[in-house]
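Enquirer: Need a 3D model of the following:
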Amino acid sequence: MNIHVANNFLISSPLEQFNVKSIIPLYFGNFDISFTNSSLYFLFCTGIILILFQAVTLNGGFLVPTRWQSIVEIIYDFVVSLVGEQIGEKGKPYFTWIFTTFILILACNLVGMIPYSFTTTSHVAVTFGLALSLFVGITIIGFQNHGLHFFSFFLPKGTPLALVPLLVLIEVMSYCTRPISLGVRLFVNLISGHALLKILSGFAWTMLTSGGALAVGSLIPFVVIVAITGLELAVSSLQAYVFCILTCIYLKDAIDLH
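Expert: Residues are numbered from 1 along each chain as shown. Sure thing, here's the model as predicted:
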């Protein structure tokens, strides 16, 4: 049940903000492919990115960059340096892939900070789906570059023969859990921060509406909310960075092996 009564006030559950709601019901046999609020905000974030980049790159941009053009250029240079540091020259063909992933996650995270909006990346189905698609792509790149020799990635050099079965099993399991850790890390960090903000907001509102000393004391949780909001903005950017730097590390492994 999403609503509970506390001190005669109806307070929404902190997890209610993560409910996926159908906007346009669509069914294909037993499969539910409805257009949801998650789909809407995902398209909304994609639209924002397209409009922003189209606006700042129109006619080649400005010699003296505008504020928005400067932001786009900073993000571009940041991802260029990220790919260069983690992968090197061999990473240039995959720059567009990493850049698109970074800017999409960043946009979804930041849009989710707007009150009454929806955080698409707060759902493990979205983050794991994105991580799994990257994992499959990186594995394909590994086989394209090395063929069957890619399997040597699961056997460190100099491994004693007696330890080969055990180490191969450990390496395969470690490799297969990469998309899980990648997707869950992003999902957990966002959902925990948003839930905390919701809990503190409800607590502050209850104190404020109670009157008296509690109303005055409500300033404390409000100050905490402002501080945590700033922290959440930083976390939203940091998680996009962590997601992409790990993707670069995994991609480098597929390109260079051990």
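Enquirer: residues in contact with the helix or strand where Ile74 lies?
Expert: Remark: Ile74 resides in helix 67-86, with elements defined by DSSP states H and E. Residues from elsewhere that reach helix 67-86 (C-beta atoms under 8 Å, 6 or more residues apart in numbering): 52-53, 55-57, 61-62, 65, 91-92, 94-95, 98-99, 102-103, 106, 241, 244-245, 248-249, 252. From N, CA and C alone the C-beta is placed, and that goes for glycine too.
Enquirer: which residues of the stretch 1-150 of the chain fall in helices?
Expert: Assigned by DSSP state H, counting those that start in this stretch, the helices in the stretch 1-150 of the chain fall at 37-57, 67-86, 95-111, 124-146.
Enquirer: any chance of those in JSON lines, plus mean pLDDT and mean neighbour count?
Expert: As requested, these are exported to JSON lines (pLDDT from 0 to 100; neighbours: other C-beta atoms under 10 Å):
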{"stretch": "helix 37-57", "mean pLDDT": "88", "mean neighbour count": "15"}
{"stretch": "helix 67-86", "mean pLDDT": "90", "mean neighbour count": "15"}
{"stretch": "helix 95-111", "mean pLDDT": "92", "mean neighbour count": "20"}
{"stretch": "helix 124-146", "mean pLDDT": "92", "mean neighbour count": "17"}
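Enquirer: So for His194, which of these sits nearest?
Expert: Nearest of these to His194, taken as C-beta to C-beta: helix 95-111 at 10.3 Å.
Enquirer: and the helix holding Ile74 with helix 37-57, angle?
Expert: 100 degrees (axes from the mean of the first three to the mean of the last three C-alpha atoms, to 10 degrees).
Enquirer: what's around Thr119, how many residues?
Expert: Residues near Thr119, counting by other C-beta atoms under 10 Å, number 24.
Enquirer: Check the gap between it and Ser237 for me.
Expert: Going from Thr119 to Ser237 by C-beta to C-beta, to the nearest Å gives 14 Å.
Enquirer: how about JSON lines for the helices of the stretch 1-150 of the chain, with distance to Pro160 added?
Expert: Shown next, in JSON lines, are those (distance: least, C-beta to C-beta, whole Å):
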{"stretch": "helix 37-57", "distance to Pro160": "49"}
{"stretch": "helix 67-86", "distance to Pro160": "31"}
{"stretch": "helix 95-111", "distance to Pro160": "37"}
{"stretch": "helix 124-146", "distance to Pro160": "24"}
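Enquirer: so which of those comes closest to Ile170?
Expert: Each of those has some distance to Ile170 by C-beta to C-beta; the shortest is helix 124-146, at 17.9 Å.
Enquirer: helix or strand right after that closest one?
Expert: Next along from helix 124-146, by DSSP H and E: helix 164-176.
Enquirer: contacts for that following helix?
Expert: In contact with helix 164-176 (C-beta under 8 Å, 6+ apart) are residues 153-156, 159.
Enquirer: wait, which of those is closest to Leu190?
Expert: Comparing those against Leu190 with C-beta to C-beta places Phe153 closest, at 31.1 Å.
Enquirer: hang on, isn't the closest one packed against Lys252?
Expert: No. The criterion here is C-beta atoms under 8 Å, and Phe153 misses it with Lys252 at 11.6 Å.
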